[in-house]
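Chemist: predicted model, plus sequence, below.
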Amino acid sequence: MAIALAALPRGVTGFDKVEWLIIDDGSTDDTANVARENGVDHIIRHPKNQGLARGFMAGLNACLRLGADVIVNTDADNQYNADDIPVLVEPILNGQADIVVGARPIESIKHFSPPKKVLQKIGSWVVRVASKTNIPDAPSGFRAMSRNAAQRLMVFNDYTYTLETIIQAGQKNMAITSVPIRVNEDLRPSRLLKSIPSYIKRSIVTIIRIFIIYRPFRFFGTIGAVLFGLGFLIGLRFLYYYLSGEGEGHIQSVILSAVLLGTGFQTFLVAFLADLLAANRKLLEDIRYTVKLKSDEASEKYKEENIHG
């Protein structure tokens, strides 16, 4: 972590002040003391490991409380080149984007295994479909966001925040873009990646969960259509044999057709219910955003009254 901190800038063009904040997520390697020794301004410490996504949200909320106008997220393993931070925040400063994601040169990263590269591409494709954005490297954790964008984000997945935040940004019609960034040499194996099979399993579960949460009607509707279609075709097959006088002995087809048709219809109903739940979730997110804005306004008003008082 000390290497990553040493690379961070203390000044960025367009900003009056740059402050550092780290999340000590239940670490056992003296992270907090190392951070203090290296001049970190703010430390959020979790006594017990809460996971990547909760750590990210804790950092985001802390930055908002501290009054940050633009928040830059990076990893402590020095994976991302900190010299690219000015490039990352430039679209936000120019008013062109609410969120900017750093796109890594995936194909040229030597310490990324072939399965990981493939899953990175699949994950990015899923995010593009679900969010209707065009972010080439969705799993990248090197990103910048405006205060307004940070107030509107809420992560549900305990494993990762990278994919969900992009999908939310797309669904909320935020301006999101990507800029090419550089990466550093691998200093140590990832602590998040226990093994390739574990990474594949988690990635697949995350991708499926994204579709269920953010595209529920398409997810369940597709399953329902497949099941109903199969049941319909099998039913037609039995009807053909029956009309041809060869229906005897094909009673199993009738049973299978009925089961598939019934299951497909029920899945369609689930699709509609899930879509209603998704709409309700969006309303709750809007309410949460409004409450945050009101809280910020009350806080600013309180500060002004105390200053003038």
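Modeler: Everything's here; your move.

Chemist: can you give me the helices for this structure?
Modeler: 2-7, 31-37, 52-65, 85-93, 114-131, 147-152, 162-171, 196-214, 216-243, 251-308 (DSSP state H).

Chemist: what helices or strands is the fifth one leaning on?
Modeler: When contacts are defined as 3 or more CB pairs under 8 Å, 6 or more residues apart in numbering; DSSP states H and E, helix 114-131 packs onto helix 162-171, helix 196-214. C-betas here are computed from N, CA, C, even on glycine.

Chemist: can you list those helices in TSV and add distance to R104 and mean neighbour count?
Modeler: Shown next, in TSV, are those (distance: least, CB to CB, whole Å; neighbours: other CB atoms under 10 Å):
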stretch	distance to R104	mean neighbour count
helix 162-171	12	24
helix 196-214	16	16
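
Chemist: nearest to D29, of the ones you listed?
Modeler: For D29, the closest of the helices and strands packed on helix 114-131 is helix 196-214, at 21.5 Å, according to CB to CB.

Chemist: pLDDT on the closest one, on average?
Modeler: For helix 196-214, mean pLDDT rounds to 73.

Chemist: what is the least confident helix or strand in this protein?
Modeler: One helix or strand of the chain scores below all others by mean pLDDT, DSSP states H and E: helix 196-214, with a mean of 73.

Chemist: okay, the residue lying closest to N134 once chain neighbours are set aside: pLDDT?
Modeler: Closest residue to N134 apart from its sequence neighbours, by CB to CB, 6 or more residues apart in numbering: R128 at 6.2 Å. At R128, the model reports a pLDDT of 85.

Chemist: show me what contacts R128?
Modeler: 134-135, 138 (CB atoms under 8 Å, 6 or more residues apart in numbering).

Chemist: in contact with S178, which residues?
Modeler: Applying CB under 8 Å, 6+ apart to S178 gives the contacts 100-103, 134-137.

Chemist: hmm, back to that, which of the helices of the chain is buried the deepest?
Modeler: Of all the helices of the chain, helix 162-171 carries the top mean neighbour count, a mean of 24, counting by mean count of other CB atoms under 10 Å.

Chemist: residues in contact with that one?
Modeler: In contact with helix 162-171 (CB under 8 Å, 6+ apart) are residues 53, 98-99, 101, 123, 126-127, 130-133, 135, 138-141, 149, 152-157, 176, 206-207, 210, 214, 282, 285.

Chemist: alpha carbons only: can I get that helix in PDB?
Modeler: These are the backbone C-alpha positions of helix 162-171, laid out as PDB (Å, rounded to 0.1, in the frame of the first residue of the first chain):
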ATOM      1  CA  THR A 162     -17.700  -2.300 -10.400                       C
ATOM      2  CA  LEU A 163     -20.500  -3.800 -12.600                       C
ATOM      3  CA  GLU A 164     -23.500  -2.700 -10.600                       C
ATOM      4  CA  THR A 165     -22.500   1.000 -10.400                       C
ATOM      5  CA  ILE A 166     -22.200   1.200 -14.200                       C
ATOM      6  CA  ILE A 167     -25.600  -0.500 -14.700                       C
ATOM      7  CA  GLN A 168     -27.100   1.900 -12.200                       C
ATOM      8  CA  ALA A 169     -25.500   4.900 -14.000                       C
ATOM      9  CA  GLY A 170     -26.900   3.700 -17.300                       C
ATOM     10  CA  GLN A 171     -30.400   3.200 -15.900                       C
END
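
Chemist: relative to E185, which of the helices of the chain is closest?
Modeler: helix 2-7 (10.6 Å).

Chemist: what's in contact with the closest one?
Modeler: Contacts for helix 2-7 (CB under 8 Å, 6+ apart): 20, 34-35, 37-40, 74-78, 81-83, 187.

Chemist: which of those are buried, as a PyMOL select command?
Modeler: Burial among the contacts of helix 2-7 is assessed by 16 or more other CB atoms under 10 Å; the matching PyMOL selection reads:
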select buried, resi 20+34+35+38+40+74+76+77+78+81+82
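
Chemist: which of the contacts of helix 2-7 sits closest to V270?
Modeler: Nearest to V270 among these, with distances taken as CB to CB, is D75, at 38.2 Å.

Chemist: identify the residues contacting the nearest residue to the closest one once chain neighbours are set aside.
Modeler: In space, D75 comes closest to G141 once its chain neighbours are excluded; the distance is 5.4 Å by CB to CB, 6+ apart. By CB under 8 Å, 6+ apart, the residues touching G141 are 73-75, 79-80, 162.

Chemist: and G141, how far from L236?
Modeler: 51 Å (CB to CB, to the nearest Å).

Chemist: over to V129?
Modeler: V129 is 32 Å from L236, where distance means CB to CB.

Chemist: appreciated, that's everything.
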